[in-house]
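Asker: fold the following for me, if possible:
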Amino acid sequence: MKRGKIWILASFGCILALSLILTGGYAGAQAQKAAQPIKWVFATNPGPAANTWSFYPYPRFQKLLEKNSGGRLILETKMGLFPVNEVIHAVIAGRADMGWERTPWLAGTFPLWDLSLPFFWENTFEYEAFLNDPRWMEIEKKTYGEKGLVKIADIVSEATDGIWAKKGVPTLADFKGLKVRTAGLIPTMALRLMGASPLSIPTAEIMEALQRGTVDAIQTSRGWGLGFGLPDVCTHISFWRVQSAFGGMLIVNKAKFDALPADLQDILLKTGKEMQGQTMYGAKVEEYEADVGLKVSRMKVINPSAEEINKARELVKPAIEKWQEIAGPYGKEALAIAAKYASGAKILLK
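Answerer: Okay, the predicted model is just below:
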């Protein structure tokens with residue numbers, strides 16, 4: 001009897017020990033599996049604009065995210081995996097987990113998200129204040145979410161405010177008949193309202209178009225123009241903020257975002273805001289650097305008077321109205337929110 005009891009107790013002990021070993025092993029395996037970093041494909045394509053830091057922010061963001069997540073979220077950058085203008089569609093479809101793309105490049109598809117309106121923002125800091133308004137953040141959350149996206153940051157570049165030419169454009173009258181290469185519905189409409197003759201020409205053909213006289217001027221940012229070599233074929237640059245901010249969307253596939261643990265979601269969003277703040281500052285620094293570069297290249301810099309700029313604002317009002325029309329049901333509300341921060345709104349939305 002005693003031996004039987006002892007045998008039963010011993011057997012029960014062995015079974016219990018084996019169960020604990022197996023359970024512990026399973027839990028350990030699960031913990032080890034949970035500790036493995038999550039690896040995402042990060043798709044980017046700066047196109048021909050990779051000559052400025054704000055078009056190449058990926059290494060900085062990767063390091064920030066790796067540090068802030070304690071190595072739990074790792075990005076594998078794939079530059080050029082998808083063509084320019086198609087990165088966002090790849091992220092929506094889940095062919096990439098995260099992506100970055102310039103918002104004005106997609107203005108024809110997603111006009112609400114492109115607020116680089118003519119003469120609207122005086123500097124990137126006004127634009128940043130607007131981006132951080134809770135009302136606009138809620139609109140972005142809803143509208144990006146409807147497309148299967150989560151926007152975590154705006155990687156802004158300097159304004160595309162330069163009119164590069166072989167002569168100065170100090171007044172509105174100087175735009176009359178001026179053949180200006182530009183891109184996008186709203187900038188094209190704005191320049192036409194200002195008296196210019198806007199043309200669309202592929203980036204690769206810009207230099208030849210200027211040399212042959214196909215166009216008289218190029219509308220682009222001072223930093224990009226310097227990097228592309230426009231001082232070789234131009235003598236003057238005149239500052240007209242036809243596109244007053246040049247945003248860029250840092251986006252995540254919503255299904256992938258929703259599948260993250262809550263703390264990693266929070267880390268990703270906060271890292272996005274951290275990167276956004278850094279690039280706002282960096283974009284302004286790039287403008288200052290470009291100003292030095294223009295002096296070194298001996299370009300003649302033209303700063304139109306405030307009076308001329310305000311005249312331009314009066315003329316381009318129909319372009320703002322057109323943007324509100326194509327932006328959809330949130331267009332009017334977006335402009336009302338932006339008006340709290342944008343210097344140009346006082347005239348443009350009068």
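Asker: and the spatially most central residue of the chain, what are its phi and psi?
Answerer: Centroid check for the chain by CA atoms, centre = their mean gives Gly248 as the closest residue, at 0.9 Å. Main-chain dihedrals, Gly248, degrees, to the nearest 10: phi -150, psi 130.
Asker: find the nearest non-adjacent residue to it, please.
Answerer: The spatially closest residue to Gly248, leaving aside those adjacent along the chain, is Ile155, at 3.9 Å (CB to CB, 6 or more residues apart in numbering). In this view, the C-beta of every residue, glycine as well, is placed from N, C-alpha and C.
Asker: number of residues surrounding that neighbour?
Answerer: For Ile155, the count of nearby residues is 27 (other CB atoms under 10 Å).
Asker: before we move on, what about Ala107?
Answerer: Neighbours around Ala107, by other CB under 10 Å: 23.
Asker: residues touching the closest residue to it other than its chain neighbours, list them.
Answerer: Leaving aside its chain neighbours, Ala107 sits nearest to Asp114 (4.0 Å; criterion: CB to CB, 6+ apart). Contact analysis of Asp114 by CB atoms under 8 Å, 6 or more residues apart in numbering lists 103-104, 106-107, 186, 247.
Asker: of these - the most surrounded one?
Answerer: So for the contacts of Asp114 (other CB under 10 Å), the most neighbours sit at Ile186, 25 neighbours.
Asker: list the contacts of that one.
Answerer: Ile186 is in contact with 107, 114, 116-118, 319, 322-323, counting by CB under 8 Å, 6+ apart.
Asker: what's the answer for Asp154, then?
Answerer: Asp154 touches 103, 131, 247-250, 276, 279, counting by CB under 8 Å, 6+ apart.
Asker: if you set the cut-off to 10 Å instead, what comes out?
Answerer: 103, 113, 115, 124, 127-128, 130-132, 140, 245, 247-250, 272-273, 275-276, 279-280 (CB atoms under 10 Å, 6 or more residues apart in numbering).
Asker: keep only those of these that are in helices.
Answerer: 124, 127-128, 130-131, 140, 272-273, 275-276, 279-280 (DSSP state H).
Asker: quick one: Gly225 and Thr160 touch, right?
Answerer: Yes - in this structure, Gly225 is within contact of Thr160 by CB atoms under 10 Å, at 9.2 Å.
Asker: what's Lys78 sitting at in phi/psi?
Answerer: Reported as degrees, to the nearest 10, the phi and psi values for Lys78 are phi -120, psi 90.
Asker: ok, Ala96 next?
Answerer: phi -140, psi 150.
Asker: neighbours of it, how many?
Answerer: As a burial measure, Ala96 scores 25 neighbours (other CB under 10 Å).
Asker: what's the closest non-adjacent residue to it?
Answerer: Closest to Ala96 by CB to CB, 6+ apart is Ala43, at 3.7 Å.
Asker: is it fair to say the one you found lies in a strand?
Answerer: Yes - counting by DSSP: H, G, I helix; E, B strand; the rest coil, Ala43 is found in a strand.
Asker: could you check how far it is from Leu210?
Answerer: From Ala43 across to Leu210, the span is 33 Å (CB to CB, to the nearest Å).
Asker: picking up where we left off before, any idea what the residue nearest to the centre of the chain is bridged to?
Answerer: For Gly248, the beta-bridge partners are Arg102 (DSSP bridges).
Asker: tell me the angle the helix or strand encompassing Leu269 makes with helix 124-131.
Answerer: Assigned by DSSP states H and E, Leu269 belongs to helix 262-296. Interaxial angle, helix 262-296 versus helix 124-131 (axes from the mean of the first three to the mean of the last three CA atoms, to 10 degrees): 160 degrees.
Asker: need the next SSE after helix 262-296, C-terminal direction.
Answerer: Next along the chain after helix 262-296, taking DSSP H and E as the criterion, comes strand 300-302.
Asker: run through who's touching the helix or strand just after that following strand.
Answerer: On the C-terminal side of strand 300-302, the closest following helix or strand by DSSP H and E is helix 306-315. With contacts defined as CB under 10 Å, 6+ apart, helix 306-315 is touched by 118-120, 169-175, 190, 192-195, 239-242, 303-305, 320, 343-350.
Asker: looking at those residues, which are in helices?
Answerer: 190, 192-193, 320, 345-348.
Asker: can you check the residues you listed and name whichever has the most neighbours?
Answerer: For the ones in helices among the contacts of helix 306-315, the largest neighbour count, defined by other CB under 10 Å, is 30 neighbours, found at Ala190.
Asker: that one reaches Glu321, doesn't it?
Answerer: No - counting by CB under 10 Å, Ala190 sits too far from Glu321 to count as a contact (11.7 Å).
Asker: from Gly162, how far out is the closest residue to Asn303 other than its chain neighbours?
Answerer: Take Asn303 and drop its neighbours on the chain: the residue closest to it by CB to CB, 6+ apart is Phe239, 5.6 Å away. Distance of Phe239 to Gly162, given as CB to CB: 6 Å.
Asker: need the overlap of contacts for the two.
Answerer: Counting by CB under 10 Å, 6+ apart, the contacts common to Phe239 and Gly162 are 222, 301-302.
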